[in-house]
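J.: Just to be clear, the model below is a prediction. Sequence and coordinates:
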Amino acid sequence: MKKLKNLNFFAKIAIGFGLGIIIGLVMGERAAMFEFLGLIMVRLFTMVVVPLVLCMMVVSIGEVGKKILGKMGIMSTLLFIFSTPFAIVNGMIFANLFNVGAGIPAPVYAEAVNVAQTPTFVQSIVNIVPNNIFTAMTSADLLQIMTFAILAGLGISAMPNREHADFLMKFFRSFGELMQKIMDYGMGFTPIGVFGVTAWLVGSHGFETLLPFATFALAVYVAAFVYMFVFQIGIFSCLIGKIKISHFIKSTKETLLFCFATNSSFASMPLAMESTKKLGIREKISNFVVPYGIVVNMDGTASYLAVAVVFIARVYGIELGMTDMLAIIATATIGSIGASGVPGAAIVMLNTVLLVLGLPIEAVAMLIGFHRLIGPTTSLLNLNGDLAVCAIVNRFVKEENSESEAVAVAAKPIKQTA
């Protein structure tokens, strides 16, 4: 038991997955009795989604608020924001090309999905602004909660009384840390939940039901590498940033390989700073953009979310319309602000998007077991996106003394999890 306790998280997930397959094959349909473990796992995550998203966004915006107002900050912010929809659309394209989710049975504990009447564009815009933040939290209206969090963060950063502002920041940061600790408990239960879901799938529907998950993982990887080489390196760095592709790859290959191997863009930051020197990027630019990107840039997570949402919708036989696509883009883009500092950020964001779309959040249980397998792609895209934005900002932002104060935003260590 002591050796089992000391195993890393991925090994525990693998053991739960393997035991689930064995129990499912041995017990057959009786293995459905373990499915409740997956439901408990998902509820542990869902319980903290609303307060965690609120706190992490208020703190992130509050810390960065004034620093993003300079020319360098505005350009970096716009680039990070507008790159996310490209990653999402790219992920959706490959999710549909690979037909992810086809042939997988929906969990029996999921309630029937009621597809609400599609609101008009104007109604969608109005609905982003909450009438009552407490009502929005009770109903888990994540878009309205995000709107409030952004306004609250900007308000705190602009408060003239710094004592009051610091108190509010400490409150949201402390409460967010509490939610993260509960999230850690949920992560600790994950191997057991993965065991329960896998045993149910294999026992009730046969081993072949796991094969479509390989297609899901393949779609995530293909989408990630196409986005990386076509958009981040080809268009952003080469075409716009005016850095030769060969020079970019030669200067960043060690950093990107380290990031992929460690599944952490934060741990790769020192190497990333060295790569920016090889690329000829001014130190003032890299000192701001790279740490700032680690806080707010989540292109990799966005690409994964797109594939995951299409996967889940297809499992439940739900067609995603244009309004749904826009909702995915808006939620993932806004919600990515500061999410990289949250353990299990991709899981939190997936729950967030599903809540906004009205899709069954229980479906997350089917994908958590595969998250560590595809996790390196999210960190890789996140960090490579930071380097690409560095190249663009370095080209268009000239030397200005007023920007000398815009240094690394992430003053405190950030616990990076893709």
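T.: All right, it came through fine. Note that the coordinates shown come from a computational prediction; the quantities given were computed from them, not determined experimentally.
J.: what is the rounded mean pLDDT of the longest helix seen in the chain?
T.: In the chain, assigned by DSSP state H, the helix with the most residues is helix 162-205. The average pLDDT within helix 162-205 is 84.
J.: and after the worst-scoring helix or strand of the chain on mean pLDDT, which helix or strand comes next?
T.: Ranked by mean pLDDT, DSSP states H and E, the weakest helix or strand in the chain is helix 2-5, scoring a mean of 60. Counting by DSSP states H and E, the next helix or strand C-terminal to helix 2-5 is helix 9-27.
J.: Could you pull out the buried residues of that next one?
T.: 12, 13, 14, 16, 17, 19, 20, 21, 23, 24, 27 (16 or more other C-beta atoms under 10 Å). Every residue, glycine included, has its C-beta placed from N, CA and C.
J.: so which of the residues you listed comes closest to residue 350?
T.: residue 13 (16.4 Å; C-beta to C-beta).
J.: I'd like to know how far the closest one sits from residue 82.
T.: 35 Å (C-beta to C-beta, to the nearest Å).
J.: With residue 274 instead?
T.: Counting by C-beta to C-beta, the gap from residue 274 to residue 82 is 27 Å.
J.: Which one of these two is surrounded by more residues?
T.: residue 274 (15 against 10; other C-beta atoms under 10 Å).
J.: Let me know the next secondary structure element after the strand or helix carrying that one.
T.: Using DSSP H and E, residue 274 falls within helix 269-278. Counting by DSSP H and E, the element after helix 269-278 in chain order, helix or strand, is helix 283-296.
J.: and that next one, which residues are buried?
T.: Result for helix 283-296 [16+ other C-beta under 10 Å]: buried residues 284-296.
J.: again, but for stretch 297-317
T.: Per 16+ other C-beta under 10 Å, stretch 297-317 contains these buried residues: 297-316.
J.: and it, how far out from the chain's middle?
T.: Put simply, stretch 297-317 sits 10 Å off its chain's centre (C-alpha atoms, centre = their mean, to the nearest Å).
J.: quick one: average pLDDT of it?
T.: 85.
J.: Could the C-alpha coordinates of it be exported in PDB?
T.: Coordinates of each C-alpha in stretch 297-317 appear next as PDB, following Å, rounded to 0.1, in the frame of the first residue of the first chain:
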ATOM      1  CA  ASN A 297      -2.800  32.000 -22.900                       C
ATOM      2  CA  MET A 298      -4.400  28.600 -23.200                       C
ATOM      3  CA  ASP A 299      -4.500  27.800 -26.900                       C
ATOM      4  CA  GLY A 300      -3.700  24.100 -26.200                       C
ATOM      5  CA  THR A 301      -6.500  23.700 -23.700                       C
ATOM      6  CA  ALA A 302      -8.900  25.500 -26.100                       C
ATOM      7  CA  SER A 303      -8.000  23.100 -28.900                       C
ATOM      8  CA  TYR A 304      -8.500  20.100 -26.500                       C
ATOM      9  CA  LEU A 305     -11.800  21.500 -25.300                       C
ATOM     10  CA  ALA A 306     -13.100  21.800 -28.900                       C
ATOM     11  CA  VAL A 307     -12.400  18.100 -29.600                       C
ATOM     12  CA  ALA A 308     -13.800  17.100 -26.200                       C
ATOM     13  CA  VAL A 309     -17.100  19.000 -26.600                       C
ATOM     14  CA  VAL A 310     -17.700  17.600 -30.100                       C
ATOM     15  CA  PHE A 311     -16.900  14.100 -28.700                       C
ATOM     16  CA  ILE A 312     -19.400  14.500 -25.900                       C
ATOM     17  CA  ALA A 313     -22.100  16.000 -28.100                       C
ATOM     18  CA  ARG A 314     -21.800  13.100 -30.500                       C
ATOM     19  CA  VAL A 315     -22.000  10.500 -27.700                       C
ATOM     20  CA  TYR A 316     -25.300  12.000 -26.700                       C
ATOM     21  CA  GLY A 317     -26.500  12.400 -30.300                       C
END
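J.: do you know how far residue 285 is from residue 49?
T.: Distance from residue 285 to residue 49, by C-beta to C-beta: 35 Å.
J.: again, but for residue 192
T.: 20 Å.
J.: So which of those two has more stuff around it?
T.: More crowded of residue 192 and residue 49, by other C-beta under 10 Å: residue 49, with 23 against 17.
J.: For the helix or strand hosting the more buried one, name the packing helices and strands.
T.: Using DSSP H and E, residue 49 sits in helix 35-64. Applying 3 or more C-beta pairs under 8 Å, 6 or more residues apart in numbering; DSSP states H and E, we find helix 35-64 packed against helix 133-138, helix 142-158, helix 162-205, helix 283-296, helix 345-357, helix 364-396.
J.: List the buried residues of the helix or strand just after it.
T.: Downstream of helix 35-64, the next assigned helix or strand under DSSP H and E is helix 71-97. With burial defined by 16+ other C-beta under 10 Å, the residues of helix 71-97 counted as buried are 72-73, 75-77, 79-80, 83-95.
J.: what number of residues lie near residue 202?
T.: Residues lying near residue 202 (other C-beta under 10 Å) number 23.
J.: Tell me the pLDDT of the residue nearest to it when sequence neighbours are not counted.
T.: Spatial nearest neighbour of residue 202, chain neighbours left out: residue 24 (2.8 Å); criterion: C-beta to C-beta, 6 or more residues apart in numbering. With respect to pLDDT, residue 24 scores 86.
J.: now do residue 367
T.: For residue 367, pLDDT reads 76.
J.: Could you do the one 4 residues further on as well?
T.: Per-residue confidence for residue 371 comes out at a pLDDT of 66.
J.: Just give me the closest of the buried residues of helix 283-296 to residue 373.
T.: residue 294 (22.7 Å).
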